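turn this into a structure:
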Amino acid sequence: KLPTMKMLLSLIALLSAVLLASTAPPTCYSRVLSLSKEITESFKELQTSKAVDSCVEMLPRLYLDIHNYCVLAKLREFVAYPRCERVLEVSELKEKARSLYTIMISYCRRDLVFLTDDCSALENPILPPIEPS
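All right, here's what the predicted structure looks like:
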């Protein structure tokens, strides 16, 4: 009975997600926001990976805030970093960063609003407090 209930709940969740996804097309802003979060998370995972290559430790920090004008320079710096071409995960991450940069300067140029140009905020981001569990 329990596996059937789990399968039914999974099906309901899947159908709900499909309905929500089909009700509103993604906007430029939502696409940039989701891709920047995906890149930031992938970078964190790469930094903490057990199989991390020594070159990964030398990569420029990659915290992305799409509301900060300096994010464009940060993306250019990351994509142009000359090392780590042999690490597949880094190459994939650079490709995502290149895509985000292209989307921001080409397709979404008029849709984005930069609220700051504080480049140091991208080097030392203020992280939300960790809630005790």
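
helix or strand: which one has residue 102?
Under the criterion of DSSP states H and E, residue 102 resides in helix 88-102.

buried residues in that helix?
By neighbour count on 16 or more other Cβ atoms under 10 Å, the buried set for helix 88-102 is 89, 90, 93, 94, 96, 97, 100, 101. Where you see a C-beta, it was placed from the backbone N, CA and C, and this is true even at glycine.

how far does that helix sit from the chain's center?
Between the centre of helix 88-102 and the centre of its chain there are 10 Å (Cα atoms, centre = their mean, to the nearest Å).

what does the helix or strand following that helix contact?
If you walk from helix 88-102 toward the C-terminus, the next helix or strand you reach (DSSP H and E) is helix 120-123. Helix 120-123 is contacted from outside by 61, 63, 64, 65, 68, 70, 71, 74, using Cβ atoms under 8 Å, 6 or more residues apart in numbering.

if you set the cut-off to 6 Å instead, what comes out?
63, 70, 74 (Cβ atoms under 6 Å, 6 or more residues apart in numbering).

what's the closest non-adjacent residue to the last one?
Looking back up the chat, that one is residue 74. In this structure, residue 74 finds its nearest non-sequential neighbour in residue 122, 5.2 Å apart by Cβ to Cβ, 6 or more residues apart in numbering.

and the pLDDT at that neighbour?
We have a pLDDT of 81 for residue 122.

any idea how many residues pack against it?
Other residues lying near residue 122 total 20 when counted by other Cβ atoms under 10 Å.

could you do residue 74 as well?
21.

look at it and give its secondary structure.
Three-state call for residue 74 (DSSP: H, G, I helix; E, B strand; the rest coil): helix.

cool, thanks, talk later.
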